[in-house]
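Engineer: all I have is the shape, not the residue letters:
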């Protein structure tokens, strides 16, 4: 069985869409939030818990898995699904973003990229063909083209990088042999509408089953991200899923679903969980705060996650202060539940024709933070 | 409902016994292994998982919980069971061992112990009355007397400490008001049989519902531990449970069950889990070892734990090498399953009259390690 995407309902008042992706490992209702499992594990969460949370698609990273434990090892053990015991759909990122965000980037030419591992400094050479070969070994349901990620504000660099990204997209497509994997193209072009338009034009001529918008949410102002993402999404074919890479804070989900984005990934829920912070309808809750020391309430009243059904803020604060792993686990579970449940409700509101009202209701009480930026060598987009 | 202990079957060929403790939070078949939840969480494990593992009694520590988050906080939140969402029986250690193992022990007199917190250096004074008050606030099903832990090899010190431990046991009993908690006495006396005998004689005159053997497994040779534990157990009344504190490596369970011990606690399964080591029928398996890099086998063939049913050694090794929390979780689950399942099989073998054969079968293939010793400020016995 191969990949397909069905558009089910379009919101009449915005660009929001509800759809359904079909993959060899199951269906993925869209819009969808992908928990990030960079190293073949969503940090601190078991596959069983991911299933209970209702995750339908998770993300792993070819760059990290290539370095450790190696794509051959995973292939030998039956592929990524079996390796990590996750039966559902997986998307792998190609490693383009990771390689280009490395401090130890050595040389880029038309052939590929020479870089040093962030783990041990060893030298490696990635080409589009190699990125596809790796991802075929891993065996994810959706794989990504290898792209050059330029500074979004540097026009000259983006002009050159785009040329290369397009040639690499062709080479990725030519190298791709597995019919059970969908290869998505990645639109680049920085913050420059004409480059984005050019990129969409070229990539759609290659007829990919889905398109990602890359090179955003990497430091540029949020208003710019929104404008460029909206513009780019508006040019993309309606019958293909659109994936805004590295974006997925709660407020973002509304912003970009309204702009026609179908797929999101973000380390925010898991990373906040590891730093003692919970997501709630009113914004973030820092469980280290002394006012929670004897608070018998759950993180959020009415929340149906395991953490909120059984534990008080006081207990969670204790775990966080005492550096207990269970604290990280419970906050991560809650945060993933929060975002996944929010996405389910967003999708339902699109189906019900109440997306605009739900968006307004949510954003009126949710205090967003603009402080979330993440760029580090070998790190995740977003 | 209050505490009771029923002796169900005695092994005709050794001191092994199968029994049943009844507590306000449920029944505890004995012999029993208690997972250690020092800070109101068994490290890296959720209460739901503990239940699935078949844990029937867990241990927490009054010293640690007094310092953080404070016994008042836990009492205000409904007691320890509710605080940590564990519905089953709990035993709290009094803090005697912890306080006496602190580097920052300040002064001991007949009244109590002045010490500095291992967390922030603040000064605190513990008395027997305070240790009981704390444990009543926590609300465990079984609580422990406050005892003085002496160097097991120092006769003079043990002579003096024993006098004090006995007076403190009387004061603990006098201070204890909650009828729904069983207060256990702790036999001291180091490696000296006559002191152990004196301690048993005195403490049994106070008629505690259960007796612990303290002050062992703290650095003395294992052969000495065995001899003293056996001697002490032989003097204790048959109709009361006997708890050998801080002992519980797999080989120990057989050794001491055979010597009439009913209750064990040990950080070994959880601590090994955090260092990448798994317990198996043949001994310990260090998952960091390169030979597991592409090993598709589970930790142990036939093991029914979650880790072994779903994951390969190769995946576990990857998680350990990549410092992923899921690695700690899965190894901890496996190790707890291993010890709890072993104890269930030991108990069944006593009931079936096959304990000696099961012991021989297990120990013939299990490679024990003598390297496990743990003494650090604020740490656990064992």
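Structural biologist: Cool, the structure landed. Quick caveat, the model's predicted, so the values are computed rather than measured. Numbering: from 1, shown residues only, chains lettered A, B, ... in the order given.

Engineer: relative to residue B:20, how far out is residue A:221?
Structural biologist: Using C-beta to C-beta, to the nearest Å, we find residue A:221 at a distance of 67 Å from residue B:20. C-betas here are computed from N, CA, C, even on glycine.

Engineer: and if you look at residue A:339?
Structural biologist: 46 Å.

Engineer: ok, those two, which is more surrounded?
Structural biologist: More neighbours surround residue A:339 than the other of residue A:339 and residue B:20, with 24 against 16 (other C-beta atoms under 10 Å in any protein chain shown).

Engineer: quick one, the helix or strand that one falls within and helix B:325-352 angle?
Structural biologist: In this assignment (DSSP states H and E), residue A:339 forms part of helix A:325-352. Interaxial angle of helix A:325-352 relative to helix B:325-352 (axes from the mean of the first three to the mean of the last three C-alpha atoms, to 10 degrees): 110 degrees.

Engineer: name the residues that touch the helix or strand just after helix A:325-352?
Structural biologist: Per DSSP H and E, the first helix or strand lying C-terminal to helix A:325-352 is helix A:355-365. With contacts defined as C-beta atoms under 8 Å, 6 or more residues apart in numbering or on different chains, helix A:355-365 is touched by A:11, A:13-14, A:16, A:250-251, A:254, A:257-258, A:281-282, A:342, A:345-346, A:349.

Engineer: mind listing what's buried along helix A:355-365?
Structural biologist: A:355-356, A:358-359, A:362 (16 or more other C-beta atoms under 10 Å in any protein chain shown).

Engineer: for it, give the mean pLDDT please.
Structural biologist: Helix A:355-365 comes out with an average pLDDT of 97.

Engineer: again with stretch A:171-180
Structural biologist: Mean predicted lDDT for stretch A:171-180 stands at 98.

Engineer: ok, stretch A:283-303 next?
Structural biologist: 97.

Engineer: likewise stretch A:236-248?
Structural biologist: 97.

Engineer: gap between it and the chain center?
Structural biologist: 11 Å (C-alpha atoms, centre = their mean, to the nearest Å).

Engineer: with stretch A:35-48 instead?
Structural biologist: The answer for stretch A:35-48 is 13 Å, by C-alpha atoms, centre = their mean.

Engineer: quick check: the residue in the stretch 101-250 of chain A that chain B sits nearest to vs residue A:140, distance?
Structural biologist: Proximity of the stretch 101-250 of chain A to chain B (C-beta to the nearest C-beta) peaks at residue A:119, 9.3 Å away. Taking C-beta to C-beta as the measure, residue A:119 and residue A:140 are separated by 22 Å.

Engineer: if we can go back for a sec, name the SS class of the residue of the stretch 101-250 of chain A closest to chain B, please.
Structural biologist: When classified by DSSP: H, G, I helix; E, B strand; the rest coil, residue A:119 comes out as coil.

Engineer: so the helix holding residue A:339 versus helix A:355-365, what angle?
Structural biologist: Using the same axes, to 10 degrees: helix A:325-352 against helix A:355-365 is 140 degrees.

Engineer: could you list the buried residues of helix A:325-352?
Structural biologist: Buried, per 16+ other C-beta under 10 Å, within helix A:325-352: A:325-344, A:346-347, A:349-350.

Engineer: which of the residues you listed are close to chain B?
Structural biologist: Subset of the buried residues of helix A:325-352 in contact with chain B: A:325-326, A:328-330, counting by C-beta under 8 Å from any C-beta of the partner chain.

Engineer: quick one, what contacts residue A:202?
Structural biologist: Counting by C-beta under 8 Å, 6+ apart, residue A:202 has contacts A:166, A:169.

Engineer: how about a cut-off of 10 Å?
Structural biologist: The contact partners of residue A:202, taken as C-beta atoms under 10 Å, 6 or more residues apart in numbering or on different chains, are A:162-163, A:165-167, A:169-170, A:185, A:187.

Engineer: part of a helix, is it?
Structural biologist: Yes: when three-state DSSP is applied, residue A:202 is found to be in a helix.

Engineer: and for residue A:240, the neighbour number?
Structural biologist: 20.

Engineer: actually residue A:223, not the one I wrote
Structural biologist: 8.

Engineer: from residue A:315, how far out is residue A:341?
Structural biologist: Taking C-beta to C-beta, one finds residue A:341 at 22 Å from residue A:315.

Engineer: repeat for residue A:322
Structural biologist: Taking C-beta to C-beta, one finds residue A:322 at 10 Å from residue A:315.

Engineer: dump the residue contacts of the closest residue to the residue of the stretch 101-250 of chain A closest to chain B other than its chain neighbours.
Structural biologist: Residue nearest to residue A:119 in three dimensions, not counting chain neighbours: residue A:67, with 5.6 Å by C-beta to C-beta, 6 or more residues apart in numbering or on different chains. Taking C-beta under 10 Å, 6+ apart, we find residue A:67 in contact with A:39, A:61, A:95, A:98, A:117-120, A:122, A:124, A:378, B:322.

Engineer: apply 8 Å and report the result again.
Structural biologist: Contacts of residue A:67 by C-beta under 8 Å, 6+ apart are A:117-119, A:124.

Engineer: quick check on the nearest residue in space to residue A:183 that is not next to it in sequence: phi, psi?
Structural biologist: Nearest residue to residue A:183, sequence neighbours excluded (C-beta to C-beta, 6+ apart): residue A:176, at 4.9 Å. Main-chain torsions, residue A:176, degrees, to the nearest 10: phi -80, psi 120.

Engineer: contacts only, for the closest residue to residue A:44 other than its chain neighbours.
Structural biologist: Distances taken as C-beta to C-beta, 6+ apart put residue B:325 closest to residue A:44, at 4.2 Å, once the chain neighbours are dropped. For residue B:325, the contacting residues are A:43-44, A:325, A:328-329, B:44, by C-beta under 8 Å, 6+ apart.

Engineer: state the helix or strand in which the residue of chain A positioned farthest from its centre lies.
Structural biologist: The C-alpha centroid of chain A is most remote from residue A:294, which lies 36.1 Å away (C-alpha atoms, centre = their mean). Using DSSP H and E, residue A:294 sits in no helix or strand.

Engineer: and it, its phi and psi?
Structural biologist: Main-chain torsions, residue A:294, degrees, to the nearest 10: phi -130, psi 30.

Engineer: against chain B, how distant is it?
Structural biologist: 5 Å (C-beta to the nearest C-beta, to the nearest Å).

Engineer: and the pLDDT for residue A:381?
Structural biologist: 44.

Engineer: again but with residue A:378, I slipped
Structural biologist: On the pLDDT scale, residue A:378 is placed at 43.

Engineer: next one: residue A:105
Structural biologist: In this model, residue A:105 carries a pLDDT of 80.

Engineer: ok, residue A:333 next?
Structural biologist: 98.

Engineer: so what's it up against?
Structural biologist: Contacts of residue A:333 by C-beta under 8 Å, 6+ apart are A:45, A:49, A:53, A:273, A:305-307.

Engineer: next one: residue A:85
Structural biologist: Here residue A:85 is in contact with A:47, B:310-311, B:315 (C-beta under 8 Å, 6+ apart).

Engineer: now those as a markdown table including pLDDT and distance to residue B:26?
Structural biologist: Formatted as a markdown table, the contacts of residue A:85 follow (pLDDT from 0 to 100; distance: C-beta to C-beta, whole Å):
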| residue | pLDDT | distance to residue B:26 |
| --- | --- | --- |
| A:47 | 98 | 30 |
| B:310 | 98 | 29 |
| B:311 | 98 | 31 |
| B:315 | 98 | 35 |
